[in-house]
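A.B. asks: okay, sequence plus prediction incoming.
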Amino acid sequence: MPKDFLAGAKDEYDVIVIGSGLAGLTTANILGSAGYQVLLIEQHYKLGGMATWFKRPQGHVFDVSLHGFPFGMKKSCRRYWNQEIADRIIPLLGVRFDNPQFSLTTPYDRENFTELLTRHFGVEHQTVTQFFDAARNMNFYDEQQVTTGEFFEKFFPGRQDIIRLLMEPITYANGSTLEDPAITYGIVFSNFMSKGVYTFQGGTDMFIEMMHDELKRNNVDVRINCNANKINTRRGAVQSVQVNDRTIRCRSVVSNANLLTTIFKIVGEEVFDKDYIDEARNVRLNNSSTQVYMALGENDSIDPATGDLLFSSTADRFETDLLLSRDITSRTFSFYYPSTRPHANPRHLIVSSTNANWDDWVHLDDDGYKASKEELIDTTLTALEKYVPNARERIIFSEASTPRTFAHYTQHQNGASFGTKFEGLAVSRGLPEQIKGLYHAGSVGIIMSGWLGAINYGVIVSNDVDAQLM
Amino acid sequence: MTPAEIRDAVLDILDTINPDEDLSSLDDEKEFRDQLDMDSMDFLDIVMELRKRYRVQVPEEDYDNLVSMNKTVAYLEPKMKDISA
């Protein structure tokens, strides 16, 4: 008989949270600590969603999305999780750029950027100050007509090199492009820029495990291998969720599944207003990614001067189309030193990340897919040789993931790594007006993306749920 | 609660949200944002704490009443006058 992953689960909860990405985990934790009966279900066998890791033979542990979140994580983890989690958030000091336009290393804070822009790029000090202030003063209810590209042009006309410096890391962090509204850039940029770029000491596995412990302390019922097949509604309000082969009643549902999956697959469009469905249909998914995971041998090491996060490109200019193209010219290398996991076997690992289009990968047959993955690994090793000498001989393990891999593990449509585009936010926020007690928390609209964005959106939605249930 | 008690309650919430900030020199006339290192999540925290501690609801369209101490106390007074301190 197959294992019953819902053994001992109750027939009714105050809240059912679908999906254990960082937004789902945070919502469950806040509502659990507020005293509500919370059931958190995850379709995968591991918690974390895209905040994930995997183990391979010989003691290698690869992190998928660990390096490079903003300082704000420290405060959000302290406030909505616990002090022990917050204490493990440490700065990454070596953020490096290498492209045909410039090569430099920066701690990625406002002070250093001001220095770089005035000295290295020859911009007037006053212009830099005005740019930072304009970015910082943006709010998400501001006008959305101005694009990020136009915003840059206003302060740094014709300066492709400066645009690259300011934009490349944000694109890596949340998938935003020059064509997105400027406010999406401004809000994320000012979050990053104040105090540098951070990581979690102990690795993603420890991060998620500490969160799981906190959830248990707050009496959240956490269940893996549990799929939400259907959210049942009655007279415009949520009633229950069909989890595996059981129907569990609840007063509220928070879906941390992809927004479009939630509306069209788990709930079903027939229960929504036609206008709302039309709006939802126009929500664009964000792009997906490819990654290559590489490990050095047990006794081999990477020179720490190589940096922690390297934005490397051979393209002459920074353009969204080039970033997404199968003909890869830009890669972000995350270098993981033994200090990432001080408690584990000392290992030097490299993860290369590139934005990618679902359409470029979905139609390949088995042989074509396998060959494309091998080619991806091969070209990545070639690119890496510039930074890790003789990388091809020294890498003892390598593996690739593609948009298909992300789709398989997260069940996100088209393997979207950053949820939906900006217009998804209004649809996500509008969900409880359509169905009482139904909420969505997860990556929408850039500003709510990435590790910090997801956690903070979970906080915002918890506040709404608490107000409804009280 | 009297306005003075409401002020103390808000001060206590601010201290919970930002334990590292020195609140003793807070100017009640000036905006919080110009004196304290506060972002939009901190304002949401004030709303959440008010509901948790005093069961006071602040709807989203009223958030801009929480910009300074004086404005916050004035906004909360009718909502909290019947609560015992």
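C.D. replies: Cool, the structure landed.
A.B. asks: pLDDT below threshold where in chain A?
C.D. replies: Scanning chain A for pLDDT under 70 picks out the ranges A:1, A:139-143, A:446-448.
A.B. asks: close to chain B: what parts of it are there?
C.D. replies: Taking Cβ under 8 Å from any Cβ of the partner chain as the contact definition, chain A meets chain B at A:34, A:72, A:75-76, A:79, A:139, A:456, A:459-460, A:462-463, A:466-467, A:470. Yep, even glycine has a C-beta here, placed from its N, CA and C like the rest.
A.B. asks: give the ChimeraX command for selecting the buried subset of these.
C.D. replies: Selecting only the buried entries of the residues of chain A next to chain B in ChimeraX, with 16 or more other Cβ atoms under 10 Å in any protein chain shown as the criterion:
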select /A:34,72,75,76,79,456,459,460,462,463,466
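A.B. asks: find the closest residue to chain A in chain B.
C.D. replies: Nearest residue of chain B to chain A, counting by Cβ to the nearest Cβ: residue B:48, 5.3 Å away.
A.B. asks: how about the helices in chain B?
C.D. replies: For chain B, the helices defined by DSSP state H cover B:3-17, B:32-35, B:40-54, B:69-80.
A.B. asks: circling back: the residue of chain B closest to chain A reaches residue A:465, doesn't it?
C.D. replies: No - using Cβ atoms under 8 Å as the test, residue B:48 is too far from residue A:465 to be in contact (11.2 Å).
A.B. asks: so which of the two has more stuff around it?
C.D. replies: The residue with more neighbours, out of residue B:48 and residue A:465, is residue A:465; 26 against 23, by other Cβ atoms under 10 Å in any protein chain shown.
A.B. asks: who's in contact with the more buried one?
C.D. replies: Going by Cβ atoms under 8 Å, 6 or more residues apart in numbering or on different chains, residue A:465 touches A:15, A:27, A:31, A:252, A:254, A:439.
A.B. asks: in helices only, show me these.
C.D. replies: Among the contacts of residue A:465, the members falling in helices (DSSP H) are A:27, A:31.
A.B. asks: and which of the contacts of residue A:465 is nearest to chain B?
C.D. replies: residue A:31 (11.3 Å).
A.B. asks: residues near the closest one, how many?
C.D. replies: Neighbourhood size, residue A:31 [other Cβ under 10 Å]: 26.
A.B. asks: and for residue A:274?
C.D. replies: The number of residues packed near residue A:274 is 8, by other Cβ under 10 Å.
A.B. asks: residues touching the residue of chain A found nearest chain B, list them.
C.D. replies: Chain B sits closest to residue A:463 of chain A, with a gap of 5.3 Å, by Cβ to the nearest Cβ. Shown in contact with residue A:463 (Cβ under 8 Å, 6+ apart): B:44, B:47, B:48.
A.B. asks: also residue A:39?
C.D. replies: Residues in contact with residue A:39, defined by Cβ under 8 Å, 6+ apart, are A:9, A:10, A:13, A:15, A:16, A:17, A:220, A:221, A:223, A:243, A:248, A:250.
A.B. asks: and those residues, which of them are buried?
C.D. replies: A:9, A:13, A:15, A:16, A:17, A:220, A:221, A:223, A:243, A:248, A:250.
A.B. asks: export the contacts of residue A:39 to a markdown table and tack on secondary structure?
C.D. replies: Output for those, formatted as a markdown table (DSSP: H, G, I helix; E, B strand; the rest coil):
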| residue | secondary structure |
| --- | --- |
| A:9 | coil |
| A:10 | coil |
| A:13 | strand |
| A:15 | strand |
| A:16 | strand |
| A:17 | strand |
| A:220 | coil |
| A:221 | strand |
| A:223 | strand |
| A:243 | strand |
| A:248 | strand |
| A:250 | strand |
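A.B. asks: closest to residue A:387 among these?
C.D. replies: residue A:17 (41.0 Å; Cβ to Cβ).
A.B. asks: just checking, the closest one touches residue A:29?
C.D. replies: No - using Cβ under 8 Å, residue A:17 is not in contact with residue A:29, being 9.6 Å away.
A.B. asks: now do the helix or strand of chain B with the lowest mean pLDDT: everything it contacts.
C.D. replies: When the helices and strands of chain B are scored by mean pLDDT, DSSP states H and E, helix B:32-35 comes last with a mean of 89. Here helix B:32-35 makes contact (Cβ under 8 Å, 6+ apart) with B:14, B:26, B:27, B:38, B:66, B:67, B:68, B:69.
A.B. asks: now with 7 Å, please.
C.D. replies: B:26, B:27, B:38, B:67, B:68 (Cβ atoms under 7 Å, 6 or more residues apart in numbering or on different chains).
A.B. asks: then stretch A:373-380?
C.D. replies: Stretch A:373-380 has contacts (Cβ under 7 Å, 6+ apart) with A:290, A:292, A:328, A:331, A:352, A:398, A:400, A:402.
A.B. asks: burial count for residue B:2?
C.D. replies: 12.
A.B. asks: phi first, then psi, for residue A:407.
C.D. replies: Phi and psi for residue A:407, reported as degrees, to the nearest 10, are phi -60, psi -40.
A.B. asks: nearest residue to it in space, ignoring adjacent ones along the chain?
C.D. replies: residue A:415 (3.8 Å; Cβ to Cβ, 6 or more residues apart in numbering or on different chains).
A.B. asks: OK, contacts around the one you found?
C.D. replies: Residue A:415 sits next to A:288, A:358, A:403, A:404, A:406, A:407 when contact means Cβ under 7 Å, 6+ apart.
A.B. asks: what do you get if the cut-off is 10 Å, keeping everything else the same?
C.D. replies: For residue A:415, the contacting residues are A:285, A:287-290, A:356-358, A:361-362, A:401-409, by Cβ atoms under 10 Å, 6 or more residues apart in numbering or on different chains.
A.B. asks: filter those down to just the ones in helices.
C.D. replies: Among the contacts of residue A:415, the members falling in helices (DSSP H) are A:361, A:362, A:403, A:404, A:405, A:406, A:407, A:408, A:409.
A.B. asks: what comes into contact with stretch A:144-157?
C.D. replies: A:117, A:121, A:123, A:127-128, A:130-132, A:134-135, A:138, A:159-160, A:162-167, A:170-171, A:176-186, A:189, A:319-320, A:422-423, A:446.
A.B. asks: next one: stretch A:268-276
C.D. replies: With Cβ under 10 Å, 6+ apart, stretch A:268-276 has contacts from A:230-234, A:236, A:263-264, A:277-281, A:427, A:430-431, A:433-435, A:438.
A.B. asks: who are the contact partners of the closest residue to residue A:116 other than its chain neighbours?
C.D. replies: Leaving out its chain neighbours, the residue that sits closest to residue A:116 by Cβ to Cβ, 6+ apart is residue A:106, at 6.3 Å. Counting by Cβ under 10 Å, 6+ apart, residue A:106 makes contact with A:93-97, A:112-113, A:115-116, A:120, A:165, A:169, A:196-197, A:307.
A.B. asks: just the ones of these in helices?
C.D. replies: Within the contacts of residue A:106, residues falling in helices by DSSP H are A:112, A:113, A:115, A:165, A:169.
A.B. asks: those: which two are farthest apart?
C.D. replies: Within the ones in helices among the contacts of residue A:106, two members stand farthest from each other by Cβ to Cβ: A:115 and A:169, at 17.0 Å.
A.B. asks: these two: which has the busier surroundings?
C.D. replies: Counted by other Cβ under 10 Å, residue A:115 and residue A:169 do not tie: residue A:169 has more neighbours, with 23 against 14.
A.B. asks: quick one: secondary structure of residue A:292?
C.D. replies: The local conformation at residue A:292, judged by three-state DSSP, is strand.
A.B. asks: so it makes contact with residue A:353?
C.D. replies: Yes - in this structure, residue A:292 is within contact of residue A:353 by Cβ atoms under 10 Å, at 8.3 Å.
A.B. asks: just the pLDDT for the residue of chain B closest to chain A.
C.D. replies: Here, the pLDDT recorded for residue B:48 equals 93.
A.B. asks: same thing with the one 3 residues further on?
C.D. replies: Each residue has a pLDDT score; the one for residue B:51 is 93.
A.B. asks: could you find the closest non-adjacent residue to it?
C.D. replies: Once flanking residues are discounted, residue B:51 sits nearest to residue B:57: 6.1 Å by Cβ to Cβ, 6+ apart.
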